[in-house]
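S.K.: what's the 3D shape of this:
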Amino acid sequence: MVILYLGVFIKNMEKLRQNYAEITRNIEKAAARSGRNPADILLVAVSKTVDTATVSKAYSLGISHFGENRAHNFILKQENLPVARWHFIGQLQTNKVKSIVGKTFLIHSLDRWKLAEEINKASQAVKMETQVLLQVNISGEKQKSGLAPDLVKSFLAEAGQLKMMKIAGFMTMAPLEAPTGEIRSIFREMSNIRQMMLKQDFKHCDLHYLSMGMSQDYEIAIEEGANIVRIGSSLFNT
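M.R.: Okay, here's the model as predicted:
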């Protein structure tokens, strides 16, 4: 039984290693096609479908950023591997903010003013600034959260009053089964909005990050300016 378990462990570890190597190569190629440095692209491993042991395996391969979309799982895995950098990538309920603030590298899903106020309040309580990404619903899908593009500028201007929360960039998602041209158009629009907002003088914003692209479309996202990609199934499908 021990030998069998060891064999499965080695097989899964090797598959995870291969997946990571392939994703790394794809990131490098996409960066080259867009004239960018692949070192500037941050891979966030979306670990929501795997256990803490698998997260530890991925960390041992050199992956240091992980993303969770539920507060309970975020806390469990962050406590198990506190040396990693943890991202909250799902829709965040205001009553869960206290449980994750102070433990996040980035919250990717700021999508409403009430949530911004709660993040700022919780950050004040722990005396730590919290970095967030403003989620923008470029595609206009009703089932997706996020601000409408025409509300971004006013939101950034208002957010300057929240001293313990820094908006560090933007996040958007494309429809899962959209044609390549539509996906590219959505990512390009988000990138253009970021470029326009960088020309403004907003308080407590640096807008460095652009989080776009998942397993099915991360190469397109990189070509259109993403510097964070969130990859789960392509990595952890062992």
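S.K.: Mind giving me the packing neighbours of the helix or strand encompassing K121?
M.R.: Per DSSP states H and E: K121 is located in helix 113-126. Packing partners of helix 113-126 (3 or more C-beta pairs under 8 Å, 6 or more residues apart in numbering; DSSP states H and E): helix 97-100, strand 106-110, strand 130-135, helix 152-159, strand 165-171. The way it works is simple: take the backbone N, C-alpha and C, and place the C-beta from them, glycine included.
S.K.: Make CSV from those and add mean neighbour count, distance to G35 and mean pLDDT to it.
M.R.: Shown next, in CSV, are the helices and strands packed on helix 113-126 (neighbours: other C-beta atoms under 10 Å; distance: least, C-beta to C-beta, whole Å; pLDDT from 0 to 100):
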stretch, mean neighbour count, distance to G35, mean pLDDT
helix 97-100, 17, 36, 97
strand 106-110, 24, 26, 98
strand 130-135, 24, 24, 98
helix 152-159, 16, 26, 97
strand 165-171, 24, 20, 98
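S.K.: What residues sit buried inside the helix holding K121?
M.R.: In terms of neighbour count (16 or more other C-beta atoms under 10 Å), helix 113-126 has its buried residues at 115-124.
S.K.: Pull the most distant pair out of these.
M.R.: L115 and Q124 (15.0 Å; C-beta to C-beta).
S.K.: I'd say Y59 and A84 touch.
M.R.: Yes. Counting by C-beta atoms under 8 Å, Y59 touches A84, with 5.7 Å between them.
S.K.: Would you mind telling me which of the two has the busier surroundings?
M.R.: Higher neighbour count among Y59 and A84: A84, with 20 against 17, using other C-beta atoms under 10 Å.
S.K.: Alright, calling it a day.
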